[in-house]
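Chemist: Model the structure of this input:
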Amino acid sequence: MKRTYFTRPKDVWRLAVVLVAASLLVVGVWWARREGLALPLISPSPMASPLASSPTPVPSPVAIAATAWVQGLVVPWGLVFTSDTRALVTERAGRVRIIDEGKLQSAPLLTLSDVSSVSEEGLMGIAKDPAYATNKLVYMCYAYKSGGAYRDKVVRFEDRGTSAGPFTTIIDGIPAAANHAGCRLGFGPADGKLYITTGDASQRAQAQVLSSLGGKILRVNPDGSIPADNPYTGSPVWTLGHRNPQGIAWQPGTGNLYASEHGPSGWDGSPGGDEVNLITRGANYGWPVVSHDKTDPKYASPLRVYTPAIAPGGITFYDADLIPQLKGHLLVTGLAGTGLYDLVVGTNGSVTSSTKMPELNVGRLRDVVTGPDGALYILTSNRDGRGTVRAGDDTIYRLVPLTGR
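Modeler: Numbering: from 1, shown residues only. Here you go, the predicted structure:
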């Protein structure tokens, strides 16, 4: 057996120190136990797991207020930002107006000559192409009369800054009327398809007729062709059984599509029954067979019903950080409800609460859009013949934190 010898004085000294320390430890433990003293348990500090993460802090709510951003509009219907500093807004009478650096330009981008705007119908929804940054294409929906009949059509044009390029018709012949003409546009963020809401054109039965484009949500390719994965072969119909949907929005994270819809007005059913719906491929939402709280297993039921009516317009999911208490919430404008409604929507499609926001008391609201700066932009509709006109109306309000105005 190999032995180790300590031959240097330094080695002998080190060994002596270790033996003395060990002896003292043994004596200390013996004495503590004899006196009944508790010995502390010493354990090494745990190392942080590489997979552990700190809990995400919950942002504190901020006080918010609305200020007038643009005034002097006449029944604005839809708003789309084309850059951080420029936006286009439709006016129901047939004008597309330019807002640049927060100022309404006097000359419209375009004015339609064939638009019909007798009552609720007119120039309505607007959306920019998913590839707008390179192709500058913008889509809009408007009503017109042909042979005594109202129709909606969706057209596309090139935005040239101060003028519009040639028009291309994407889809035409959508039933319309002075009331219940739709028509909101939006591109699906995941599939890039164009979604179009249409009203029942005051002809309730056609909402259930698959061959009619009235009372539907339509889905087409950007050029107007029919996607191969639509639920009904050769048809632009995505869902049916709608009365007059005027808002669509996709939930961040899930990609679920939601829509707002006007319920009966009295002549076509008991007043009220406005809806917020989760839109699923090929579903039938029951109008005019069911409305309000009436249900039938053949039809999709609304997530939220409003009676008395709020007359919901445009909607959006707020996905910015400027107003932290609203992040992920669905915001719904109310015309008759004269306000903005804050809905908490789960990822499973449930609506757990709906609150009218107290920060907005400016009359009838038609649309709400999240701007590139994270602020909310809200369009009034006080000059549509059904509201109280205020100084400067119609107005686009900017909703921001009090400290960020």
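
Chemist: show me where the stretch 51-200 of the chain has helices.
Modeler: Assigned by DSSP state H, counting those that start in this stretch, the stretch 51-200 of the chain shows helices spanning 132-135.

Chemist: Kindly check the end-to-end length of stretch 191-200 for me.
Modeler: End-to-end distance for stretch 191-200: 26 Å, by Cα to Cα, to the nearest Å.

Chemist: How about stretch 186-203?
Modeler: Using Cα to Cα, first and last residues of stretch 186-203 are 25 Å apart.

Chemist: Flag every buried residue along it.
Modeler: Across stretch 186-203, burial judged by 16 or more other Cβ atoms under 10 Å covers 186-187, 193-203. To be clear about C-beta, it is placed using only N, CA and C from the backbone, and glycine gets the same treatment.

Chemist: How far does stretch 72-90 sit from its chain's centre?
Modeler: 17 Å (Cα atoms, centre = their mean, to the nearest Å).

Chemist: try stretch 280-289
Modeler: 21 Å.

Chemist: next one: stretch 358-377
Modeler: On Cα atoms, centre = their mean, the centre of stretch 358-377 falls 12 Å from that of its chain.

Chemist: and the closest residue to V276 other than its chain neighbours, how many neighbours does it have?
Modeler: Closest residue to V276 in three dimensions, ignoring its sequence neighbours and counting by Cβ to Cβ, 6 or more residues apart in numbering: R304, at 4.2 Å. As a burial measure, R304 scores 20 neighbours (other Cβ atoms under 10 Å).

Chemist: Repeat that for T388.
Modeler: Neighbour tally, T388, other Cβ under 10 Å: 10.

Chemist: so it touches N382, yeah?
Modeler: Yes: contact criterion Cβ atoms under 8 Å: T388 and N382 qualify, at 6.2 Å.

Chemist: joint contacts of the two?
Modeler: Contact criterion Cβ atoms under 8 Å, 6 or more residues apart in numbering; residues shared by T388 and N382: G363.

Chemist: hey, where'd the strands end up in the stretch 1-150 of the chain?
Modeler: Here the stretch 1-150 of the chain has its strands, by DSSP state E, counting those that start in this stretch, at 64-70, 76-81, 86-91, 95-100, 103-104, 110-111, 123-128, 137-146, 149-158.

Chemist: okay if I get these as TSV plus mean neighbour count?
Modeler: Shown next, in TSV, are the strands of the stretch 1-150 of the chain (neighbours: other Cβ atoms under 10 Å):
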stretch	mean neighbour count
strand 64-70	18
strand 76-81	24
strand 86-91	23
strand 95-100	20
strand 103-104	13
strand 110-111	18
strand 123-128	24
strand 137-146	22
strand 149-158	20
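
Chemist: Next, format these as TSV and append mean pLDDT.
Modeler: Shown next, in TSV, are the strands of the stretch 1-150 of the chain (pLDDT from 0 to 100):
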stretch	mean pLDDT
strand 64-70	96
strand 76-81	98
strand 86-91	98
strand 95-100	98
strand 103-104	98
strand 110-111	98
strand 123-128	98
strand 137-146	96
strand 149-158	96
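
Chemist: shaky segments in the chain?
Modeler: 1-59, 404-405 (pLDDT under 70).

Chemist: Let's test this: what are the backbone torsions at P288?
Modeler: phi -100, psi 10 (degrees, to the nearest 10).

Chemist: give the contact list for it.
Modeler: 200, 204-205, 207-208, 243, 268-269.

Chemist: Pick the one among those residues closest to V400.
Modeler: R243 (34.5 Å; Cβ to Cβ).

Chemist: Tell me who's in contact with that closest one.
Modeler: Going by Cβ under 8 Å, 6+ apart, the list of residues near R243 reads 180, 199-200, 204, 207, 215, 261-264, 268, 287-288, 291.

Chemist: run the last query once more with 10 Å
Modeler: 180, 199-200, 202, 204, 207, 215, 261-265, 268-269, 273-275, 285-288, 291 (Cβ atoms under 10 Å, 6 or more residues apart in numbering).

Chemist: Out of those, which sit inside helices?
Modeler: Taking DSSP state H, every one of these sits outside helices.

Chemist: Spatially nearest residue to L137, not counting backbone neighbours?
Modeler: D129 is the one closest to L137 (Cβ to Cβ, 6+ apart), at 3.9 Å.

Chemist: That neighbour touches P222, doesn't it?
Modeler: Yes: counting by Cβ atoms under 10 Å, P222 is a contact partner of D129 at 6.2 Å.

Chemist: okay, now P231: neighbour count?
Modeler: The local packing of P231 (other Cβ under 10 Å) involves 14 other residues.

Chemist: oh sorry, the question was meant for G173
Modeler: With neighbours defined by other Cβ under 10 Å, the count for G173 comes to 12.

Chemist: That one: what's its closest spatial neighbour, skipping adjacent residues?
Modeler: R151 is the one closest to G173 (Cβ to Cβ, 6+ apart), at 5.8 Å.

Chemist: check contacts around that neighbour.
Modeler: Residues counted as contacts of R151 (Cβ under 10 Å, 6+ apart) are 116, 121, 142-145, 172-177, 181, 201, 213.

Chemist: what's the closest of those to Q71?
Modeler: Y142 (23.7 Å).

Chemist: ok, what's across the strand from the closest one?
Modeler: L123, K153 (DSSP bridges).

Chemist: ok so, going back, could you check the distance from the residue nearest to V276 over to V237?
Modeler: 24 Å (Cβ to Cβ, to the nearest Å).

Chemist: if we can go back for a sec, overlap in contacts, D129 and P222.
Modeler: Counting by Cβ under 10 Å, 6+ apart, the residues touching both D129 and P222 are 135, 137, 139, 156, 187, 192, 194.

Chemist: just checking, the fifth one touches V138?
Modeler: No: in this structure F187 lies outside contact range of V138 using Cβ under 10 Å: 11.4 Å.

Chemist: if I look at those two, which residues touch both of them?
Modeler: Joint contacts of F187 and V138 (Cβ under 10 Å, 6+ apart) are 127-129, 132.

Chemist: mind putting those in a markdown table, distance to D319 included?
Modeler: Listed next are the shared contacts of F187 and V138 as a markdown table, based on distance: Cβ to Cβ, whole Å:
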| residue | distance to D319 |
| --- | --- |
| A127 | 17 |
| K128 | 17 |
| D129 | 20 |
| Y132 | 19 |
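
Chemist: who's in contact with the closest residue to E120 other than its chain neighbours?
Modeler: With Cβ to Cβ, 6+ apart as the criterion, E120 has its nearest non-adjacent residue at 4.8 Å, and that residue is N179. With contacts defined as Cβ under 10 Å, 6+ apart, N179 is in contact with 118-121, 150, 199-202, 244, 262, 265, 267-268.
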